[in-house]
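K.L.:
show me the folded form of this:
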Amino acid sequence: MIKIITALDSISVLNIDLFQKGKNTSDFYFSTVQNHLIVGHRHLEKAHRHDFYATILFTKGSGVHEIDFQKYTVEPGSLFFMSPGQIHSWELSSDIEGYLFFCLQDFYELHYVNQKLRNFPFFGSVNFPRKLQLNELELNENLTLFQELEKEYHAQDIMKNGLMLSLMSNIFIKSTRQFSRDFDHLASSASLSYFKHYQEFETLVEQYFTKEKSINFYASLMNISSKHLNRIMQTVVQKTATDVITERVVLEAKRMLMYLDESLVEIAFRLGYEEYSYFVRVFRKTSGMTPTQFIKKYKA
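P.N.:
Here you go, the predicted model:
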């Protein structure tokens with residue numbers, strides 16, 4: 001097994017330049033999984049974060065891929081999406097094969113002015129699954145797109161970036177449709193409208209979650225009632241608005257427990273909890289373990 005998971009006192013943030021090896025462009029990177037593990041092994045041997053968006057397709061082998069403390073199985077047809085800032089690590093079999101590409105936000109969004117990477121549900125929400133398991137037909141269709149993207153990445157033809165961006169969009173759009181196969185509530189136009197509200201809510205939560213945990217606060221900023229906000233959350237992610245806020249706080253707590261050298265009391269205070277005992281109750285209710293148990297599990 002290729003083991004690339006280590007408990008840390010600090011989580012490194014990898015930037016795309018680390019993998020380019022003299023490439024002229026520093027905003028896009030493409031590689032086979034096999035070569036990526038060889039070239040980047042010294043950077044990948046520990047759990048880490050990225051400052052870019054990542055898409056990874058596995059075509060052979062097996063393993064476990066952990067993203068923000070959520071474990072996913074790896075098998076042929078496993079397609080993963082990661083956003084900047086997410087912590088991930090993996091343990092992969094020695095026969096692992098596949099393809100991956102990384103891009104900075106500007107590389108995509110300077111070309112597609114009206115299309116944002118966050119508009120794709122797997123990039124736009126911390127609550128959305130990061131793995132799509134493709135069937136044989138879907139795998140073959142995606143494999144063709146990835147291989148075309150690989151060819152274009154290494155070529156020096158006219159309008160190279162335009163074609164690469166088109167292939168990326170094709171992968172993202174097809175993946176969104178394939179995800180909707182498992183999440184029927186994303187398919188209707190009404191639900192798509194709800195998803196936009198949900199993205200707005202998550203953006204606000206990202207901005208204020210350490211200070212504001214009241215549903216009324218966010219509903220007011222969105223000019224909707226708390227009842228309607230909860231209805232949106234139930235439709236999109238089958239959770240209450242309070243659940244979404246609390247889970248975001250606990251995710252940040254887990255990240256901080258992993259890479260900040262601070263006491264549990266200090267971390268609780270940074271996250272807006274003046275009473276440490278209440279923070280512990282919230283953490284345990286959401287994650288099924290206390291902060292101390294979490295540290296023992298991930299730093300053992």
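K.L.:
helix, strand or coil for the residue sitting furthest away from the middle of the chain?
P.N.:
If you look at how far each residue of the chain sits from its centre, by CA atoms, centre = their mean, the farthest one is residue 158, at 32.5 Å. For residue 158, the secondary-structure state derived from DSSP: H, G, I helix; E, B strand; the rest coil is coil.
K.L.:
distance of it relative to residue 241?
P.N.:
As judged by CB to CB, to the nearest Å, residue 158 and residue 241 stand 50 Å apart. In this view, the C-beta of every residue, glycine as well, is placed from N, C-alpha and C.
K.L.:
which parts of the stretch 101-250 of the chain are helices?
P.N.:
105-109, 121-124, 136-154, 160-182, 189-208, 215-221, 226-237, 241-259 (DSSP state H, counting those that start in this stretch).
K.L.:
out of these, deepest packed?
P.N.:
Neighbour counts (mean count of other CB atoms under 10 Å) averaged over each of these peak at helix 121-124, with a mean of 21.
K.L.:
check the gap between residue 209 and residue 90 for me.
P.N.:
On the measure of CB to CB, residue 209 and residue 90 end up 28 Å apart.
K.L.:
returning to that earlier point: got TSV for the helices of the stretch 101-250 of the chain, with mean pLDDT too?
P.N.:
Shown next, in TSV, are those (pLDDT from 0 to 100):
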stretch	mean pLDDT
helix 105-109	87
helix 121-124	84
helix 136-154	96
helix 160-182	90
helix 189-208	81
helix 215-221	96
helix 226-237	90
helix 241-259	90
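K.L.:
surely residue 55 is within a strand?
P.N.:
Yes: remark: residue 55 belongs to a strand, assigned using three-state DSSP.
K.L.:
got phi/psi on the one residue sitting closest to the centre of the chain?
P.N.:
In the chain, the residue lying closest to the centroid (CA atoms, centre = their mean) is residue 82, at 3.3 Å. Dihedral pair for residue 82: phi -130, psi 140, per degrees, to the nearest 10.
K.L.:
what's near enough to touch residue 116?
P.N.:
Neighbour list for residue 116: residue 109 [criterion: CB atoms under 8 Å, 6 or more residues apart in numbering].
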